[in-house]
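[1] structure of the sequence below:
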Amino acid sequence: MDNNSYFDGKLHQMIGWSLLSIIITIFTLGIGYPWAVVMKLKWINKHTVVNGRRLQFNGTALGLFGSYIKWFLLSIITLGIYAFWLNIKLYQWKAKNTDFAD
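    Numbers count the residues shown, from 1 in each chain. So this is what the prediction gives:
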């Protein structure tokens, strides 16, 4: 097995995807944020190689949007306590939707 791990994305691409993500989020008043997140994660994973195997992100914006609604409602029901777990939930969602491309 090849132990090469690297990221082959370029700075100008990262700047472009970041600006596009910000524009989408601003012009949709935050509703488009899940689409911006997914778009950027797809680019990041497309350019990431771990142990010689390229990553691929399979999550959808609609899936993330649904999770955001669920997490928001759970935060309201628990009077904000569930909000402490939101970062972990987002990392779990990202990991669940990341696979090897081959």
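
[2] how about the helices in the protein?
    Per DSSP state H, the chain carries helices over the ranges 11-27, 33-46, 61-77, 86-96.

[3] was I right to think residue 41 contacts residue 57?
    Yes - at 4.7 Å, residue 41 and residue 57 qualify as touching, with contact defined as CB atoms under 8 Å. For glycine as for every other residue, the C-beta is placed from the backbone atoms N, C-alpha and C.

[4] re the thing from before, most tightly surrounded among the helices of the chain?
    When the helices of the chain are scored by mean count of other CB atoms under 10 Å, the highest mean neighbour count falls to helix 33-46 (a mean of 19).

[5] outside of that helix, which residues touch it?
    Surrounding helix 33-46, the residues in contact under the criterion CB atoms under 8 Å, 6 or more residues apart in numbering are 9, 13-14, 17-18, 20-22, 24-25, 54-57, 59-62, 64-65, 68, 94, 97-98.

[6] again with stretch 70-81
    Stretch 70-81 is contacted by residues 82-83, 86, 89 when judged by CB under 8 Å, 6+ apart.
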